[in-house]
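>>> sequence first, then the predicted structure, then my questions.
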Amino acid sequence: MSLIENPDQAKRLARAIVSDVALYNREKVEQGIKDDNIFEVLHDQLAEGREHFVSRVSTELAQSNIFDIAVVDVLIKRAGKIESTIW
């Protein structure tokens, strides 16, 4: 399998990976937002997701902030409806 070198494809991949993390860990996401420790709660899942992302994209894209942006866009922004002291 060849590595993804197109930034738009890499962004889609990152968003899909983070969406899966959020989908399969809904309770952890909700609790992590409420308790303001989302990154600690999902540390293992996000690390695994990042590993998968890095394994599928070129070195240049792996070293970019594409995955981090996807985490904020998909995981944090979508959780805005959850009551929390962080908002």
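Ah, there it is.

>>> buried residues of the lowest-mean-pLDDT helix or strand in the chain, list them for me.
When the helices and strands of the chain are compared on mean pLDDT, DSSP states H and E, helix 26-34 comes out lowest with a mean of 91. Within helix 26-34, the residues that count as buried by 16 or more other Cβ atoms under 10 Å are Val29, Glu30, Gly32, Ile33. All C-beta spots, glycine's among them, are computed from the backbone N, C-alpha and C.

>>> next one: stretch 60-69
Within stretch 60-69, the residues that count as buried by 16+ other Cβ under 10 Å are Leu61, Ala62, Ser64, Ile66, Phe67.

>>> contact partners for the last one?
Going back to what we said before, that points to Phe67. Ala14, Ile17, Val18, Gly49, Arg50, Phe53, Val54 (Cβ atoms under 8 Å, 6 or more residues apart in numbering).

>>> PyMOL command to pick out the buried ones of those?
In PyMOL syntax, the buried subset of the contacts of Phe67 is picked out as below (16+ other Cβ under 10 Å):
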select buried, resi 14+17+18+49+50+53
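
>>> can you name the two of the contacts of Phe67 that are farthest apart?
Greatest spatial distance in these: Val18 and Val54, 13.7 Å, computed using Cβ to Cβ.

>>> just list what the longest helix along the chain packs against, helices and strands only.
The residue-count maximum for a helix in the chain (DSSP state H) belongs to helix 7-24. Helix 7-24 sits against helix 43-56, helix 66-70, with contacts defined as 3 or more Cβ pairs under 8 Å, 6 or more residues apart in numbering; DSSP states H and E.

>>> and the angle for that helix with helix 26-34?
100 degrees (axes from the mean of the first three to the mean of the last three Cα atoms, to 10 degrees).

>>> I'd like the numbering to begin with 13 instead of 1 from here.
Got it, first residue is 13 now, which makes that one helix 19-36.

>>> having no further points to raise, I will conclude here.
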